[in-house]
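**Student:** A structural model of the following input is requested.
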Amino acid sequence: MKVIMPMAGYGKRMRPLTWSRPKPLLNVAGNTVLGHTLDRFSPNDVDELVFITGWLGERIQEYVSQRYAFRTRFYEQKELLGQSHAILLAREALTGPCLILYVDTLCDANLAQLKNLDADGAIFTMEVDDPRPFGVVREEQGRVVEYIEKPKDCTNRKTTVGAFWVREGAELASAIDEEMRLGKTRNGEYYLADAFNIMIARGARFVSLPVTMWQDCGQPGTMLATNRYLLDHGCARPFARQGNVIIPPVNIAESAHIEHSVIGPHVSIAASASIVGAIVSDAIIDEEAQIETALVQSSLVGQRARVHGTAQQMNIGDDACIAF
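**Tutor:** The predicted structure is shown next:
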């Protein structure tokens, strides 16, 4: 199976952090967003990882090549014309079974079931109370008969979570070709929903498969919620620090320096960060950041950023300096 990962967007909702880093390389719960996804696989699980990158794509390639032994391909999406356009850039890789993953969401899915699945495609879903901001599937007799982007009501609650599988990637490429020939765009972008609907109209059998976890890393608030969830579910790493108060769950890098501080709950502190005389809760403190004599909560603090003085909630990018 090949894993196709489109990640060419600018990550505008995560600025200022994404001015200097692509969104997949932002830290959450002791790892990057991309790292949490790739760590679920081994080279034996997948034949190839296929990345469609854009903004600062070379950083993605460097990160993967230094940390993982997967066979990889990289493509660049120079024009942001949507999901289907991004996938089609990797046409030569779209053969055989393909798993498509959006990297700004994390989910737990049973991928082993795909080997014997009696279907041409699968859409991973989770039921939510209000699916209107997302995409949903409409089913009849156990089959997906329509993929609806941003439904107007809550009739169908099985919400797509950014993970899809097709038995034959070439069939998806053919459907995207038709989607583009027909000019099926929304706000100038081609959506995978339309390509899947074309496959279904051609007779492809699609099913929905449930996931047990779905967390979003696309906005500051949801990133912090994901950090809380991951720390509560296996990603905590406290590393005891004498002279400090540590309130679990937390993830603290071994090289981080903490002095006369209260840390936690739900705090991730990356490598070589320094926190002195501070109270930090519900926050992600990135590599080499410095926090002194500050109250920091519900905050994202970028790499090498410096915070001094009394503060509260903040979202500051790499190399920023804030003093109160």
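
**Student:** can you pull out the strands in the stretch 201-324 of the chain?
**Tutor:** 206-210, 213-216, 245-246, 250-252, 257-259, 262-263, 267-269, 274-276, 279-285, 290-292, 295-301, 306-308, 315-316, 321-323 (DSSP state E, counting those that start in this stretch).

**Student:** Can I get those in TSV including distance to Tyr75 and mean pLDDT?
**Tutor:** The C-beta positions use only the backbone N, C-alpha and C, and glycine is treated the same way. Below are those laid out as TSV (distance: least, CB to CB, whole Å; pLDDT from 0 to 100):
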stretch	distance to Tyr75	mean pLDDT
strand 206-210	25	95
strand 213-216	25	89
strand 245-246	44	94
strand 250-252	33	96
strand 257-259	41	95
strand 262-263	41	96
strand 267-269	31	97
strand 274-276	39	96
strand 279-285	30	96
strand 290-292	38	95
strand 295-301	30	94
strand 306-308	38	91
strand 315-316	31	90
strand 321-323	37	82
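
**Student:** can you put those in CSV and add distance to Gly183?
**Tutor:** Shown next, in CSV, are the strands of the stretch 201-324 of the chain (distance: least, CB to CB, whole Å):
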stretch, distance to Gly183
strand 206-210, 23
strand 213-216, 30
strand 245-246, 57
strand 250-252, 47
strand 257-259, 57
strand 262-263, 54
strand 267-269, 45
strand 274-276, 54
strand 279-285, 42
strand 290-292, 51
strand 295-301, 39
strand 306-308, 49
strand 315-316, 38
strand 321-323, 48
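
**Student:** Buried deepest among the ones you listed, which one?
**Tutor:** Comparing the strands of the stretch 201-324 of the chain by mean neighbour count (mean count of other CB atoms under 10 Å), strand 267-269 ranks first with a mean of 28.

**Student:** What is that one packed up against?
**Tutor:** Strand 267-269 is packed against strand 250-252, strand 279-285, with contacts defined by 3 or more CB pairs under 8 Å, 6 or more residues apart in numbering; DSSP states H and E.

**Student:** possible to save those strands as a markdown table with distance to Met126?
**Tutor:** Formatted as a markdown table, the helices and strands packed on strand 267-269 follow (distance: least, CB to CB, whole Å):
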| stretch | distance to Met126 |
| --- | --- |
| strand 250-252 | 25 |
| strand 279-285 | 24 |
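
**Student:** Just tell me which of the strands of the stretch 201-324 of the chain ends up closest to Tyr102.
**Tutor:** Set against Tyr102 and scored by CB to CB, the strands of the stretch 201-324 of the chain come closest in strand 213-216, at 9.9 Å.

**Student:** Please consider this matter closed, and thank you.
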